[in-house]
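Novice: Please work out how this folds:
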Amino acid sequence: MGVLGALGLHASSASATTTLRVAIGTLSTEAAGDAALEGPLRSALEQALDALPTVDRTAPARAQVLVQGSLVRLERTPHGVRAEVSLLVSERRGGAVRMLLTGRAEARGGRDPVPASITAAVRSAMRPLADPARTRLAVR
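Specialist: Numbering: from 1, shown residues only. Model (predicted):
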């Protein structure tokens, strides 16, 4: 079962490949207290979606599914930077929530551990989409 089945969606029969059209919706970094972190959050989501072979990142008007994200926490630790994200996956039409994902990660060392911790947290949150057999969503 691929990403489509895990989300309970089916590809258009007119489509030559079975891809899910996904758009990035609203992003929030208010909880972390820094609006400038929206860029690294968006970049991390783009990279994570682009890495999924059955996902086609597209404009919101063409999407079947929207992914909205929040940087819930960003804190500096003695060893690096710890990030926590929450992602909401919903149908574009009607807004039915399909998945609520959370991810946490800590980046240590490096020149700028903040974007690295955000990217790792997003990858952690997106893990169920990479292995949809572990999700508990019913196929429609």
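
Novice: and after the least confident helix or strand in the chain by mean pLDDT, which helix or strand comes next?
Specialist: Comparing every helix and strand of the chain by mean pLDDT, DSSP states H and E singles out helix 3-6 as the least confident one, with a mean of 50. Secondary structure here is assigned by DSSP states H and E; on that basis, the next helix or strand after helix 3-6 toward the C-terminus is strand 20-28.

Novice: Give me the buried positions along that next one.
Specialist: For strand 20-28, the neighbour count (16 or more other CB atoms under 10 Å) marks Leu20, Arg21, Val22, Ala23, Ile24, Gly25, Leu27, Ser28 as buried. The way it works is simple: take the backbone N, C-alpha and C, and place the C-beta from them, glycine included.

Novice: which residues does the fourth one bridge with?
Specialist: In other words, Ala23. Counting by DSSP bridges, Ala23 forms beta bridges with Leu66.

Novice: Tell me how far it lies from Leu41.
Specialist: When distances are taken as CB to CB, to the nearest Å, Ala23 and Leu41 turn out to be 15 Å apart.

Novice: Glu91 now?
Specialist: Glu91 sits at a distance of 22 Å from Leu41 (criterion: CB to CB).

Novice: The two - which one has more neighbours?
Specialist: Taking Glu91 and Leu41 together and counting by other CB atoms under 10 Å, Leu41 has the greater number of neighbours (25 against 16).

Novice: Closest one of the buried residues of strand 20-28 to Pro113?
Specialist: Within the buried residues of strand 20-28, proximity to Pro113 (CB to CB) peaks at Leu27, which comes in at 20.2 Å.

Novice: Quick check, the closest one in contact with Leu37.
Specialist: No - under the contact definition of CB atoms under 8 Å, Leu27 does not touch Leu37, with a separation of 9.2 Å.

Novice: overlap in contacts of the two?
Specialist: Common neighbours of Leu27 and Leu37, using CB atoms under 8 Å, 6 or more residues apart in numbering, are Leu71.

Novice: Now for Pro78: which residues touch it?
Specialist: With contact taken as CB under 8 Å, 6+ apart, Pro78 is in contact with no other residue.
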